[in-house]
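**Student:** pasted the sequence and its predicted model underneath.
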Amino acid sequence: MLLKRLSLGLFIIPSVTIILCLFITIYLNILDICNPFINGCYSISRVGRSYPAVLLFKPMMIITIILMITYFFEHYRIFKKFLLNKIYLNLILLSGLVSSFALLVYVIFLGVEGSGIWRFMRRGGIFIYIISLIISQFLIILTYIKIKNDYQVIISSKIVNINFCYNVLLITCGIIIILLIDIFSFTTSWHVKNIIQWNYFLLMNLFFLNTYFTWKKLDK
């Protein structure tokens, strides 16, 4: 099933890419050895833009973006078969495409030195990406909840319920982080923000893996 393959790819590719980039920079003595998930020694952007890791990071992120766009269109195509509200379906697709485009903006401007506008595009891109992706994921899981009872042959109700609770937790953590980011800026070091960044990145990526396990089979 295409959607299962896309979901698995969207979990594996960015996760493996950023870990490989970290190993490359450490192996070449560009960065010191550390565990950013625990120590917050480097931001994801710092690792991704380091040369030569950037030569791996940017192309693999472009591939991730292409998979994301296909992922959201595939959800749109499948959900359309369930005769769901067209406006709701368009909202899922729109939020997904916005997150994909925002990630593209981030990747394009990553490592580019320039004015404050360039830095704003990079930071704004990743912020919009996170918000839009969380919205699209939440709308998708709500759709699964709506159709799960009528399609238990192909959809795992247990995984859907787990994914819903997981998504609520993800949104709650995101809201708390956004509300307290100013406090963090003044009362803690940048290490704390990096720790949050790395772990939240992993949590967001796990949603795609959850989607992989949601579908049992789908007759064509």
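**Tutor:** The structure has been received and is ready for your questions. In this text the structure is predicted, and so the values were computed from the model without any measurement.

**Student:** from now on I want contacts and neighbour counts done on CA atoms only, so please keep to that.
**Tutor:** Will do.

**Student:** nearest residue to residue 53 in space, ignoring adjacent ones along the chain?
**Tutor:** residue 21 (5.0 Å; CA to CA, 6 or more residues apart in numbering).

**Student:** give me the pLDDT for the one you found.
**Tutor:** pLDDT for residue 21: 92.

**Student:** what segments of the chain are helices?
**Tutor:** With DSSP state H as the criterion, the chain has helices at 2-27, 36-39, 44-48, 54-81, 86-109, 116-147, 157-187, 190-214.

**Student:** any idea which of those helices scores lowest on pLDDT?
**Tutor:** helix 157-187 (a mean of 73).

**Student:** surely residue 93 meets residue 70?
**Tutor:** No - judged on CA atoms under 8 Å, residue 93 makes no contact with residue 70 at a distance of 10.3 Å.

**Student:** more neighbours, the two?
**Tutor:** In this view residue 93 and residue 70 are compared by other CA atoms under 10 Å, and residue 93 has more residues nearby, 22 against 17.

**Student:** report the contact partners of the more buried one.
**Tutor:** With contacts defined as CA atoms under 8 Å, 6 or more residues apart in numbering, residue 93 is in contact with 72-73, 76, 136.

**Student:** cool, residue 195 as well?
**Tutor:** Residue 195 touches 36-40, counting by CA under 8 Å, 6+ apart.

**Student:** mind checking which of the residues you listed are buried?
**Tutor:** 36-37, 40 (16 or more other CA atoms under 10 Å).

**Student:** follow-up on the earlier one: need the contacts of residue 93 in JSON lines (columns: neighbour count).
**Tutor:** Shown next, in JSON lines, are the contacts of residue 93 (neighbours: other CA atoms under 10 Å):
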{"residue": "72", "neighbour count": "23"}
{"residue": "73", "neighbour count": "18"}
{"residue": "76", "neighbour count": "20"}
{"residue": "136", "neighbour count": "21"}
